[in-house]
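A.B. asks: Return atomic coordinates for the entry below.
(2 chains)
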Number of protein chains: 2
Amino acid sequence: MHGKGYIGIVGGLGPYAGLDLVKKIFQRTKADRDQEHLPVMLYSFPGEVPIRTSYLLGRTSQNPGEALGRIMVQLAQSGARIIAMPCNTAHHPRILNVALNALHNYDNSVQFINIIESSIRQIERACRPGSHIGILATVATLETGLYQEELIKYGFTPVILNDKECATVQEAINSPFFGIKKTTPHISNESRAILLNAALRLSEKDVDAILLGCTEIPLAITEKELFGKSIIDATDALAIEVVNAFEPSKLLY
Amino acid sequence: MHGKGYIGIVGGLGPYAGLDLVKKIFQRTKADRDQEHLPVMLYSFPGEVPIRTSYLLGRTSQNPGEALGRIMVQLAQSGARIIAMPCNTAHHPRILNVALNALHNYDNSVQFINIIESSIRQIERACRPGSHIGILATVATLETGLYQEELIKYGFTPVILNDKECATVQEAINSPFFGIKKTTPHISNESRAILLNAALRLSEKDVDAILLGCTEIPLAITEKELFGKSIIDATDALAIEVVNAFEPSKLLY
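C.D. replies: The predicted structure follows:
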């Protein structure tokens, strides 16, 4: 085993978002040949993890944190010393705390890299203090104030769309006909149009940057800037913090 | 754990080729939502595995099969019941037998899905009996006759380029300036031009199909057809056999 153990990724939330994080970890690593890349384990077990949004919105009582905790323990048992989970909604404390309790009961020394905190750090690097940050995310992430509270804590002003617009963003992710989770790796015109329109609406509210706060969204929106606003990709922000935690000298920034 | 255990992927050979196989497993799976995808573990530990080509061409005595065997055992210990390795060169018996001996000494019931055999099956589905099959691959894969022997065994006629042309294909993969292993996920114009030109040269030899027999090549050549010839992607062929072995009813073909 690698002297430092491995980077462990809880994937499958959804499957392509897990791959996207691993790809971004590779992209954020200084490496001229195969052997210089960091050791990464991806556990993509989507069938084991109930839908996060349904739990947070009270539509089911089965807490996905239990399955996520089991997967984290499996990663730690297999040698992961740093764990990350590319799903913003699953970072709600009602889910995440259950998972992290299981992990840290097994091994308290495994480091979890939080996607919400990683995004805030990226916003601090990319934006002036006090900036207004538009958020594109699932209804559950927005309704539970996951990003809003953190942004306010760090002196930023969160900006979100109205309920109707947020519901269309959720459709872009989840529609059984054209949603990202259904059509990946292809992205439907409908999903892309909804997300671009949502970004446009946020840009009209005079935000300084737009945060892609759901790991499915950067599968459809890969631009670094839209309508003159910087795009902050939570998955990329997480990749940066993962590489930095594992081997800071290898971080490509 | 999933009742059938997991699909285990030996990645890192190179890192993006590992991701490409996982992506193609997802693409070959009938799934309308996250939870319907198959459980996949990817171990991408490139720093542990010496360069396969160097060993086969006698430039080093360190057999990469030892490290690959250790990784396969780790996957089996973590619950993998089916293992695949997206690297054609590593399927040479001098490497693969060492790895599989280690795996099957640990657990004889774990099934290994071979990329060479998977490609032959795909060629049997896609081409008429006796077809002439052009091969794009590393110098080591070609010099050791890995694909040529299998193709002849199944009644096909292998067609390869001359030594100078094969050396340029190796450059497209390995050049420290523009090679796929250096520039992924971006692909340089140089690499793409070399590979397209090599495909053109093969098509001029009246082949019926062209096999991409190195897992880096489909990162640069994503076409299904070039110069009127079908393209057979070994990574996709492997994905098909992996899904078929794990849960045949979920295979999307």
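A.B. asks: Close to chain B: what parts of the stretch 1-150 of chain A are there?
C.D. replies: Contact residues, the stretch 1-150 of chain A versus chain B (C-beta under 8 Å from any C-beta of the partner chain): A:2, A:6, A:12-16, A:19, A:22-23, A:26-27, A:32-51, A:74, A:77-79. Heads up, the C-betas are built off the backbone N, CA and C, glycines and all.
A.B. asks: Which parts of the stretch 101-250 of chain A are strands?
C.D. replies: Secondary structure of the stretch 101-250 of chain A by DSSP state E, counting those that start in this stretch: the strands cover A:111-113, A:132-136, A:157-159, A:209-212, A:225-226, A:229-233.
A.B. asks: Redo those as CSV? Include mean neighbour count.
C.D. replies: Formatted as CSV, the strands of the stretch 101-250 of chain A follow (neighbours: other C-beta atoms under 10 Å in any protein chain shown):
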stretch, mean neighbour count
strand A:111-113, 17
strand A:132-136, 25
strand A:157-159, 18
strand A:209-212, 26
strand A:225-226, 13
strand A:229-233, 21
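A.B. asks: would JSON lines of those strands with mean pLDDT be doable?
C.D. replies: Output for the strands of the stretch 101-250 of chain A, formatted as JSON lines (pLDDT from 0 to 100):
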{"stretch": "strand A:111-113", "mean pLDDT": "98"}
{"stretch": "strand A:132-136", "mean pLDDT": "98"}
{"stretch": "strand A:157-159", "mean pLDDT": "98"}
{"stretch": "strand A:209-212", "mean pLDDT": "98"}
{"stretch": "strand A:225-226", "mean pLDDT": "97"}
{"stretch": "strand A:229-233", "mean pLDDT": "98"}
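A.B. asks: JSON lines please, covering these and showing distance to B:Thr168.
C.D. replies: Shown next, in JSON lines, are the strands of the stretch 101-250 of chain A (distance: least, C-beta to C-beta, whole Å):
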{"stretch": "strand A:111-113", "distance to B:Thr168": "42"}
{"stretch": "strand A:132-136", "distance to B:Thr168": "45"}
{"stretch": "strand A:157-159", "distance to B:Thr168": "53"}
{"stretch": "strand A:209-212", "distance to B:Thr168": "40"}
{"stretch": "strand A:225-226", "distance to B:Thr168": "38"}
{"stretch": "strand A:229-233", "distance to B:Thr168": "37"}
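A.B. asks: From the residues of the stretch 1-150 of chain A next to chain B, list just the buried residues.
C.D. replies: Among those, the ones that count as buried by 16 or more other C-beta atoms under 10 Å in any protein chain shown are A:6, A:12-16, A:19, A:22-23, A:26-27, A:34, A:37-46, A:48-51, A:74, A:78-79.
A.B. asks: what does the stretch 151-253 of chain A have sitting close to chain B?
C.D. replies: Contacts of the stretch 151-253 of chain A with chain B, taken as C-beta under 8 Å from any C-beta, map to A:Pro176, A:Lys181, A:Lys182, A:Thr184, A:Pro185.
A.B. asks: Can you go through these and name the buried ones?
C.D. replies: By neighbour count, with 16+ other C-beta under 10 Å, those hold A:Lys181, A:Lys182, A:Thr184 as buried.
A.B. asks: Which one of the residues in the stretch 51-200 of chain A is closest to chain B?
C.D. replies: A:Ser78 (4.7 Å; C-beta to the nearest C-beta).
A.B. asks: Spatially nearest residue to that residue (excluding sequence neighbours)?
C.D. replies: Once flanking residues are discounted, A:Ser78 sits nearest to B:Ser78: 4.7 Å by C-beta to C-beta, 6 or more residues apart in numbering or on different chains.
A.B. asks: correct me, but the one you found touches A:Ala80?
C.D. replies: No: look at B:Ser78 against A:Ala80 with C-beta atoms under 8 Å: they stay out of range, at 10.6 Å.
A.B. asks: which element follows the lowest-mean-pLDDT helix or strand in chain A toward the C-terminus?
C.D. replies: Taking mean pLDDT, DSSP states H and E as the measure, the helix or strand of chain A with the lowest value is helix A:52-56, at a mean of 91. The helix or strand immediately downstream of helix A:52-56 is helix A:64-77, counting by DSSP states H and E.
A.B. asks: Can you tell me which helices and strands that next one packs against?
C.D. replies: Under the contact criterion of 3 or more C-beta pairs under 8 Å, 6 or more residues apart in numbering or on different chains; DSSP states H and E, helix A:64-77 touches strand A:6-11, strand A:40-44, strand A:80-84, helix A:93-106.
A.B. asks: please redo it, this time with the cut-off set to 7 Å
C.D. replies: On a contact count with 3 or more C-beta pairs under 7 Å, 6 or more residues apart in numbering or on different chains; DSSP states H and E, helix A:64-77 meets strand A:6-11, strand A:40-44, helix A:93-106.
A.B. asks: Give the rounded mean pLDDT of the first one.
C.D. replies: In other words, strand A:6-11. Strand A:6-11 shows a mean pLDDT of 98 in the predicted model.
A.B. asks: same deal with stretch A:179-191?
C.D. replies: On average, stretch A:179-191 scores 96.
A.B. asks: neighbouring contacts of it?
C.D. replies: With contacts defined as C-beta atoms under 7 Å, 6 or more residues apart in numbering or on different chains, stretch A:179-191 is touched by A:14, A:16, A:171-176, A:178, A:216, A:219-220, B:23, B:27, B:32-34.
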